[in-house]
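Colleague: A predicted structure for the sequence below; I have some questions about it.
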Amino acid sequence: MIAAYPAMRQRGFSLIELLIAMAIGLVLVAGIGTIYLGSHQTYRIQENSARMQETGRYALDYLGRSLRQSGADAGISANMSAVTTQCASASCVPVDGTEGGAATDSLTIQFYAGQDEQSGSNWGARDCTGTFVNADQVITHLFALNGTDFRCTGTAQTQPIVSNVEDFQILYGLDLDGSSNQSADRYATATEVEDGAWWSNVISVRVCLLVRSDDLGLTSSAQRYLNCAGALGTSTGNDAYTTAGDTRIRRTFIATYTLRNRVSSAP
């Protein structure tokens, strides 16, 4: 005899149970999304910070190599033990500059081409753009900003070095006391040096680059950052800071370089 069992009633989710499950799922998705967006934003900030660090480091290193050559005479490559003083003729001015005021500054560096390499039958050296210059000829490097591109203009062409640079400011270290300590007594702008006819007293150069991030949307509100005037000490208080007009991040980079051919010994 086959036993008869009562029919099992099948039930689905009730509307309330479905709504609760959907709510829990949405909370989980929102939590995961928040974690992902936060991690992605942190990654973007770190990536842009690293790029800014590399931009500032590379630009200052590039500029520093040129400044250390300023004023070198033509015989330095042939006689490595020679102690050069500065360019030997009026056609070669080791360091010169212009003050941009509210705009950016520019810096001109000159030195004689040595015998670094041979091109055909001629010996010479290359300028910042890679152009070959015969030995004993003056090499000129003009550093300036074009928009946000930090560029070097050499003998025949212009070469961009880095981008995303918003400001380029320079101070010149002056040895004015006539002592033999060969140290800067004060730092002055290009206008002050020009007015005092002190270009021959410049023994060091202090530069500031203001670098910005490539990406927008890295800050929730406009960043208040230390500008070049504040970093160089030419402005204090509120004038030393600027509030950004966008959501990029910014950082100032400063370095001081001794003009090795203006002093008898330098690091």
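Modeller: Sure thing, it's come through.

Colleague: the closest residue to A222 other than its chain neighbours: neighbour count?
Modeller: Once flanking residues are discounted, A222 sits nearest to A244: 4.6 Å by CB to CB, 6 or more residues apart in numbering. Just so you know, the C-beta spots here come from the backbone N, C-alpha and C atoms, and that holds for glycine as well. The number of residues packed near A244 is 16, by other CB atoms under 10 Å.

Colleague: same question, the one 3 residues further on
Modeller: A count of nearby residues for T247, using other CB under 10 Å, gives 15.

Colleague: wait, isn't it in contact with T219?
Modeller: Yes: between T247 and T219 there is a contact under CB atoms under 8 Å: 4.9 Å.

Colleague: can you show me the helices along the stretch 151-267 of the chain?
Modeller: 190-195, 228-232 (DSSP state H, counting those that start in this stretch).

Colleague: just the C-alpha atoms of the longest one, please, in CSV.
Modeller: Listed in CSV are the C-alpha atoms of helix 190-195, where the atom choice follows Å, rounded to 0.1, in the frame of the first residue of the first chain:
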residue,chain,number,x,y,z
ALA,A,190,68.5,90.2,-10.9
THR,A,191,67.2,93.7,-10.8
GLU,A,192,69.2,94.5,-7.6
VAL,A,193,72.3,92.9,-9.1
GLU,A,194,71.9,94.9,-12.3
ASP,A,195,71.3,98.2,-10.4
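
Colleague: nearest residue to the spatially most central residue of the chain in space, please, no chain neighbours.
Modeller: Centroid-nearest residue in the chain, with CA atoms, centre = their mean: G56, separated by 2.9 Å. In this structure, G56 finds its nearest non-sequential neighbour in F253, 3.5 Å apart by CB to CB, 6+ apart.

Colleague: what sits against that neighbour?
Modeller: Residues near F253 by CB atoms under 8 Å, 6 or more residues apart in numbering: 56-57, 59-60, 208-211.

Colleague: where does pLDDT dip in the stretch 51-200 of the chain?
Modeller: Within the stretch 51-200 of the chain, the segments meeting pLDDT under 70 span 74-91, 102, 179-180.

Colleague: and the strands in it, which stretches?
Modeller: For the stretch 51-200 of the chain, strands defined by DSSP state E, counting those that start in this stretch occupy the ranges 95-98, 106-112, 117-119, 122-126, 132-134, 138-146, 149-153, 158-162, 165-174, 186-188.

Colleague: follow-up on the earlier one: so the residue nearest to the centre of the chain sits right up against V211, yeah?
Modeller: Yes: if you go by CB under 8 Å, G56 and V211 touch, sitting 4.9 Å apart.

Colleague: find residues that contact each of these two.
Modeller: With CB under 8 Å, 6+ apart as the test, G56 and V211 both reach 251, 253.

Colleague: and the host helix or strand of Q41, what other elements does it pack with?
Modeller: Element membership of Q41, judged by DSSP states H and E, is helix 15-69. Packing partners of helix 15-69 (3 or more CB pairs under 8 Å, 6 or more residues apart in numbering; DSSP states H and E): strand 106-112, strand 138-146, strand 149-153, strand 158-162, strand 202-212, strand 250-258.

Colleague: work out the gap between that helix and the centre of the chain.
Modeller: 22 Å (CA atoms, centre = their mean, to the nearest Å).

Colleague: I am finished for the moment; much appreciated.
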